[in-house]
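K.L.:
kindly return the folded structure for what I paste below:
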Amino acid sequence: MKLTSLRIITANIKTLVQFFEQVTGSSAQWYTDDFAELVTGTATLAIGSTRTMSLFGEGLVTPASNNSVIIEFRVANVDEEFERIKYLIDNIVQEPTTMPWGNRSLLFRDPDGNLINFFTPVTADAIKKFS
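P.N.:
Residues are numbered from 1 along each chain as shown. A predicted model of the protein is given here:
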């Protein structure tokens, strides 16, 4: 089994896609007005409007209500990324900090309130884990 993508359902797809394009430096591939994807080297971040959920059934999701999932991106240098994106982010939860498990981590929220973690492995064990 291989995790392929993570999908965020939003009521404001254009705003959310633009935000992720800016913070990741990637361009989204739009398939319809209601669905876009940002492809990374390891997985895809899919973003769908609430209208896409009608294909699965009604009342399955509540946009902008995530309180338990963190979307994580491994970056080459979290401190440099912070300097690049800090003016794009309205809600920085934690500036770059080295965590006990060896990653240097920047935690912030996207426009829907989802937690986003940019991290860089910095200890020998953490670097080994991701090599």
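
K.L.:
could you use CA atoms for every contact and neighbour count after this?
P.N.:
OK.

K.L.:
send me stretch 102-109 as CSV with only the CA atoms.
P.N.:
The C-alpha coordinates for stretch 102-109 follow below in CSV (Å, rounded to 0.1, in the frame of the first residue of the first chain):
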residue,chain,number,x,y,z
GLY,A,102,15.3,15.9,15.7
ASN,A,103,13.3,17.9,13.2
ARG,A,104,13.4,21.7,13.0
SER,A,105,9.7,22.6,12.6
LEU,A,106,7.6,25.6,11.5
LEU,A,107,3.9,25.3,12.3
PHE,A,108,1.3,27.5,10.8
ARG,A,109,-2.4,27.5,9.7
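
K.L.:
mean confidence for that stretch?
P.N.:
Average pLDDT, stretch 102-109: 98.

K.L.:
ok, now which ones touch the closest residue to residue 27 other than its chain neighbours?
P.N.:
In space, and not counting its chain neighbours, residue 27 is closest to residue 21: 5.5 Å by Cα to Cα, 6 or more residues apart in numbering. Contacts here follow Cα atoms under 8 Å, 6 or more residues apart in numbering; on that basis residue 21 touches 27-28, 38.

K.L.:
please narrow those residues to those residing in strands.
P.N.:
Mapping the contacts of residue 21 onto strands (DSSP state E) picks out residue 38.

K.L.:
want to throw the contacts of residue 21 into a markdown table with pLDDT, neighbour count and distance to residue 91?
P.N.:
Converted to a markdown table, the contacts of residue 21 look like this (pLDDT from 0 to 100; neighbours: other Cα atoms under 10 Å; distance: Cα to Cα, whole Å):
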| residue | pLDDT | neighbour count | distance to residue 91 |
| --- | --- | --- | --- |
| 27 | 97 | 15 | 22 |
| 28 | 98 | 18 | 22 |
| 38 | 97 | 20 | 22 |
